[in-house]
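1. Sequence first, predicted model second:
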Amino acid sequence: MIMMEVVGYIGSIFIGVILGLLGGGGSILSIPILVYLFKIEPVTASAYSLFIVGTTSFVGAIPKYREHLVNIRTGFLFGIPSIASIFITRKWVVPAIPEVIISVNDFILTKRILLLGVFALLMILASISMIRGRKEETNHHDVKVLLTIVEGVIIGSLTGLVGAGGGFLIIPALVFLTGLPFKTAVGTSLFIIAINSLIGFLGDVLNYSMDWLFLLSITTLAVGGIFIGNRLHKRFSAVHLRRVFGWFILCMGTYILVKELS
């Protein structure tokens with residue numbers, strides 16, 4: 001048990017490394033670390049994940065902004081509708097889901113399987129577009145406003161449900177919907193994740209008690225990791241980063257899905 005916790009604390013550093021390097025995917029590490037290594041119940045783990053990923057993303061977005069890799073207009077178009085849907089989902093929808101959703105003979109669909117299963121499926125679906133890729137657009141100003149807002153609401157609801165920062169969904173949407181270059185999408189994603197996650201976490205604070213000492217210790221390690229990730233980010237091409245990001249979330253999504261269903 002102690003060894004698993006040690007691995008968990010080391011893994012917390014990589015939450016930040018992944019966020020700094022890829023602009024998303026922090027929750028892909030944080031939720032499995034919290035659930036499988038620290039043995040935290042999934043709903044509480046999803047709340048902790050929002051705080052860890054949100055705070056780390058906020059710190060990571062600052063140097064990206066200074067490097068002109070954050071598109072503020074797109075960030076607000078995407079982020080504001082996401083904020084409302086995430087808060088509503090975390091405050092009212094998630095607490096309303098029963099612990100046992102369906103029970104038919106030997107088949108039992110629990111709240112845990114639903115949340116982690118949806119999380120894993122979203123990861124797998126998002127990975128496909130990143131692995132396949134397509135030529136990046138060069139028109140940064142041709143943002144499809146209505147589609148961006150609708151996408152923000154949908155992704156906000158989904159990330160609120162599973163407690164993820166949503167970078168693994170936000171980055172493909174920014175690249176393929178708004179035409180942002182991958183590295184600008186990474187910076188903008190950190191900005192959006194920070195806003196979304198921390199607002200979503202407020203809904204959890206109103207519903208659950210928090211182990212602040214544990215939460216702040218994990219967050220501090222993750223914040224340290226994001227400085228490492230930001231340094232590494234400059235050494236790789238956008239195409240390479242995008243494909244690595246896609247394969248990473250595909251592997252993690254498949255692992256979670258297989259583990260929960262088995």
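-> Nice, thanks for sending it over. Remember, predicted model here, so these are calculated numbers, not experimental data.
2. Which of the three states applies to residue 209?
-> Of the three states, residue 209 takes coil according to DSSP: H, G, I helix; E, B strand; the rest coil.
3. whoops, residue 68 was the one
-> Residue 68 ends up coil, using three-state DSSP.
4. Provide a list of residues in contact with it.
-> Taking CB atoms under 8 Å, 6 or more residues apart in numbering as the contact definition, residue 68 lies against nothing. The C-beta positions use only the backbone N, C-alpha and C, and glycine is treated the same way.
5. which outside residues touch stretch 255-262?
-> 32, 36, 112, 113, 116, 117, 119, 120, 121, 123, 124.
6. Closest to residue 148 out of those residues?
-> residue 123 (21.9 Å; CB to CB).
7. residues of whichever helix or strand the closest one is part of that come out buried?
-> Per DSSP states H and E, residue 123 falls inside helix 111-132. By neighbour count on 16 or more other CB atoms under 10 Å, the buried set for helix 111-132 is 111, 114-117, 119-120, 122-124, 126-127, 129-130.
8. Equivalent analysis for stretch 228-242, please.
-> So, applying 16+ other CB under 10 Å, buried residues of stretch 228-242: 229, 230, 233, 238, 241, 242.
9. CA atoms only: put it into PDB for me.
-> Below are the C-alpha coordinates for stretch 228-242, written out as PDB (Å, rounded to 0.1, in the frame of the first residue of the first chain):
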ATOM      1  CA  ILE A 228       9.300  20.500 -16.900                       C
ATOM      2  CA  GLY A 229       6.700  19.900 -19.500                       C
ATOM      3  CA  ASN A 230       6.800  23.400 -20.700                       C
ATOM      4  CA  ARG A 231      10.600  23.100 -21.200                       C
ATOM      5  CA  LEU A 232      10.200  19.800 -23.100                       C
ATOM      6  CA  HIS A 233       7.400  21.200 -25.300                       C
ATOM      7  CA  LYS A 234       9.800  23.500 -27.100                       C
ATOM      8  CA  ARG A 235      11.900  20.600 -28.300                       C
ATOM      9  CA  PHE A 236       9.300  18.800 -30.300                       C
ATOM     10  CA  SER A 237       7.300  19.500 -33.500                       C
ATOM     11  CA  ALA A 238       3.600  20.100 -33.400                       C
ATOM     12  CA  VAL A 239       2.900  17.000 -35.600                       C
ATOM     13  CA  HIS A 240       4.900  14.800 -33.400                       C
ATOM     14  CA  LEU A 241       3.300  16.100 -30.200                       C
ATOM     15  CA  ARG A 242      -0.200  15.600 -31.600                       C
END
